[in-house]
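S.K.: Predicted model, plus sequence, below.
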Amino acid sequence: MQKAIIGKKIGMTQIFDEKGKVIPVTVVEAGPCVVSQKKTVENDGYASVQIGFGDLKAHKVNKPMAGHFAKGNVAPKRTLREFRFDDTDAYNVGDIIKADVFAAGDKVDVSGTSKGKGYAGVIKRWNFQRLKETHGSGPVARHGGSNGACSSPSRVWKGLKMAGHLGAEKVTVQNLQVVKVDAENNLIAIKGAIPGPNGGTVVIRDSVKA
């Protein structure tokens, strides 16, 4: 059965294995989540499961979403994510998904929104090399250099690496290992670092490389 859960990144810490070796882990508050919608090939053209995480007060939900939650007879949720599974027979609307859906040793992919770093220059954003500050380089040591395209095509090509917004984008880290699952407190400890700031929403699902 394919598995997925939504959670909140708590932070990093370290735990010790049976041999006393230190393992750096990221702790995620995973679930409890609820299945808010189920799509089928017959009705929607593909099979998927929509999962909700995080309680939301009813007065903060607009009418379309209120009707959506009412149709599934589930409480309003702050975060909704849809997962395309090959087989959705194991899931039904209203089912609760908890952290114990995963176990220690599982390989998972974790997706989240990376930290926003604002407006950044080409050195920080694209790892450009700086110019030397001697022999007439002038005040352009950290500039990106010429970006003109001469008389033809008389424009800057789309996708040219320039200064601009850095971070705050979806990042997926694949093939991470689940080290420990605390089902009672809905916590999952994953080896290594995962994207996003503490308190950010993350999605954990089966690794495609497993």
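M.R.: Structure received.

S.K.: hey, let's count contacts and neighbours off CA atoms from now on
M.R.: OK.

S.K.: Quick check, residue 61 in contact with residue 79.
M.R.: No: counting by Cα atoms under 8 Å, residue 61 sits too far from residue 79 to count as a contact (11.8 Å).

S.K.: pLDDT on stretch 49-57, on average?
M.R.: For stretch 49-57, mean pLDDT is 89.

S.K.: what separates it from the chain centre, distance-wise?
M.R.: Relative to its chain's centre, stretch 49-57 lies at 16 Å (Cα atoms, centre = their mean, to the nearest Å).

S.K.: Next: stretch 26-34.
M.R.: On the basis of Cα atoms, centre = their mean, stretch 26-34 sits 13 Å off its chain's mean C-alpha point.

S.K.: now do stretch 138-156
M.R.: Per Cα atoms, centre = their mean, the displacement of stretch 138-156 from the mean C-alpha position of its chain is 35 Å.

S.K.: quick one: buried residues of that stretch?
M.R.: With burial defined by 16 or more other Cα atoms under 10 Å, the residues of stretch 138-156 counted as buried are 142, 143, 144.

S.K.: got a pLDDT number for the second one?
M.R.: If I follow you right, that is residue 143. Confidence score, pLDDT, at residue 143: 90.

S.K.: next one: residue 8
M.R.: For residue 8, the pLDDT comes out at 93.

S.K.: again, but for residue 190
M.R.: At residue 190, the predicted lDDT confidence score is 94.

S.K.: Beta-bridge partners for it, please?
M.R.: Following DSSP bridges, residue 190 is listed with bridge partners residue 26, residue 178.
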